[in-house]
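Q: Predicted structure and sequence below. I'll ask about it afterward.
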Amino acid sequence: MDISILVNLTYIAASILFIVGLKMLGSPDTARQGNLLSASGMLLAVVITLLDQNIIDYRFIAGALLAGGIVGYFAATKVQMTSMPEMVAIFNGFGGIASLLVGSAEYVVSPLNNPALMGAIYLTVLIGGLTFTGSLIAYGKLSEVISGKPFLYKGQQFVNGLLLLTILLVGVNMIFVQGMISPNETLILLISLAFILGILFVIPIGGADMPVVIALLNSFSGLAACAAGFVITNNVLIVAGALVGASGLILTNIMCKAMNRSLANVLFSGFGAVSDSDTERSEEQGEVSPISAQDAYLILEAASSVLIVPGYGMAVAQAQHAVRELGELLEANGAEVKYAIHPVAGRMPGHMNVLLAEANVSYDVLVEPEDVNPIMETVDVCMVIGANDVVNPDAKENEGSPIYGMPIIEVDNSKTVFVLKRSMASGFAGIQNPLFFKSNTRMLFGDAKETVSTLVSEFKG
């Protein structure tokens, strides 16, 4: 058999694995198998490409696979669930810089009189560079190395417009003119501008919008890879990049709908910059009503329906296993237990789903806000564990709030609300939550894992 036929058949097999794996990722029951299939398809594509092109000695390929496997193993097994969003951001950045390096290498060795090729290289370098530095900023905000608040300054739109115009002119020079500045200077200038664009693109975005940014940067990394596939005429890279790019855009759209905001509003509104009026309003809320774990147990013991709403605070406390045990004890006591998952809960898409899956919580008891909100008044107890913005009543009551109009889990309509928090600090959006001051809300202060473990002990005792 002709080696080119074998390579193309292998690429087709890898593409099928990508598509089937991506389809399986759409269901929690098959997500792990889908991830394994997609990873197997990528491994197959990488190996056949490197061996076919005789790029490097197979011993180097084996060494790289071993090194990458070791890094991947430790990343998957040692990174805490609280750091998963940061790891995803870094992976997006690595994808972007890999595409940038491919495009840059091809630009150095390729003829400059091919507009189609130069256009593909231009997009590869631009999107790859933007994704790399944008992901680094997202990592910094998620890990709180830099402030999660939006960074805004006077003349910001003018600076951004001037930057985009300069990038466009560099693109015209690279693709069509090829004479205004030297090729090497063109490449260095484009890379520098792409890096700056990535920084200026993400740094004005508040931490509460990071789930959307993560999804969008994931899409950008796919688009950069797709463009790189056109640069090196590699079909499987085009397919894989297009799949990642399209799925990332779809997820971005889902995240925006979950917040009832447009993508433009997420990117350019400076959401999270709290005004003085917001601060004054937060000081006028009133007093909270704390409750002890022992008293909370008495209410839970008598409850016939309990809704658990997890948030990032549950991930920080690593309380998912204790929460699952409490849920099982409540069910054994005769209560109906559900887990309400908001699409933007946590700091990346699907963060809470992954967290609960790690604790072996059945997918059958996971519900979405639109499923539980209509019957919220019949719920005896809502336990809000480390969630904040996704249960904030200001989204439906305060027209002046930055989150007004955002669909939330309407726990304030239930009979009793338990809010498990370490303190009265605002959420990642930097907005005070009037839920804490409602007459049917009781605050369970302390570490979520310790609090839930105390409740578990009360049930067992």
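A: Happy to help now that I have it.
Q: Give me the residue at the spatial middle of this protein.
A: Residue closest to the mean C-alpha point of the chain, counted by CA atoms, centre = their mean, is Met348 at 2.7 Å.
Q: Go ahead and confirm it touches Ile214.
A: Yes: look at Met348 against Ile214 with CB atoms under 8 Å: they come within range, at 4.9 Å. The C-beta positions use only the backbone N, C-alpha and C, and glycine is treated the same way.
Q: shared neighbours, the two?
A: Pro85, Val88 (CB atoms under 8 Å, 6 or more residues apart in numbering).
Q: circling back to that earlier point, where does the residue nearest to the centre of the chain sit: helix, strand or coil?
A: coil (DSSP: H, G, I helix; E, B strand; the rest coil).
Q: pretty sure Pro211 is in contact with Met348, am I right?
A: Yes: between Pro211 and Met348 there is a contact at 5.6 Å, judged by CB under 8 Å.
Q: between those two, what contacts are shared?
A: With CB under 8 Å, 6+ apart, Pro211 and Met348 have no common neighbours.
Q: measure the residue nearest to the centre of the chain to Asp209 for me?
A: 12 Å (CB to CB, to the nearest Å).
Q: With Arg324 instead?
A: In terms of CB to CB, Arg324 sits 30 Å off from Asp209.
Q: Just want to know which of the two has more residues nearby.
A: Asp209 (28 against 21; other CB atoms under 10 Å).
Q: Return the distance of the nearest residue to the more buried one once chain neighbours are set aside relative to Phe18.
A: Leaving out its chain neighbours, the residue that sits closest to Asp209 by CB to CB, 6 or more residues apart in numbering is Val266, at 5.0 Å. Val266 sits 28 Å away from Phe18, going by CB to CB.
Q: Also Tyr312?
A: Taken as CB to CB, the span from Tyr312 to Phe18 is 31 Å.
Q: quick one, phi/psi of Ser401?
A: phi -80, psi 140 (degrees, to the nearest 10).
Q: Repeat that for the one 4 residues further on.
A: As for Gly405, its main-chain torsions (degrees, to the nearest 10) stand at phi 100, psi -10.
Q: List the contacts of the nearest residue to it once chain neighbours are set aside.
A: Once flanking residues are discounted, Gly405 sits nearest to Asn260: 4.6 Å by CB to CB, 6+ apart. With contact taken as CB under 8 Å, 6+ apart, Asn260 is in contact with Gly405, Met406, Pro407.
Q: His342 against Pro369, yeah?
A: Yes: in this structure, His342 is within contact of Pro369 by CB under 8 Å, at 5.9 Å.
Q: Quickly list what's touching both of the two.
A: If you check His342 and Pro369 against CB under 8 Å, 6+ apart, the residues they both contact are Ile408, Ile409.
Q: sec struct for the nearest residue to Leu366 once chain neighbours are set aside, please.
A: Using CB to CB, 6+ apart and skipping residues adjacent in sequence, the residue nearest Leu366 is Tyr339, 5.1 Å away. Judged by three-state DSSP, the three-state class of Tyr339 is strand.
Q: Neighbours of Tyr339, how many?
A: As a measure of burial, Tyr339 has 24 neighbours, counting by other CB under 10 Å.
Q: Who does it form a beta bridge with?
A: Beta bridges link Tyr339 to Ile308, Leu366 when assigned by DSSP bridges.
Q: Mind pulling up the pLDDT for it?
A: pLDDT, Tyr339: 94.
Q: Pro369 is in contact with that one, correct?
A: No: at 11.8 Å, Tyr339 does not count as touching Pro369 under the criterion of CB under 8 Å.
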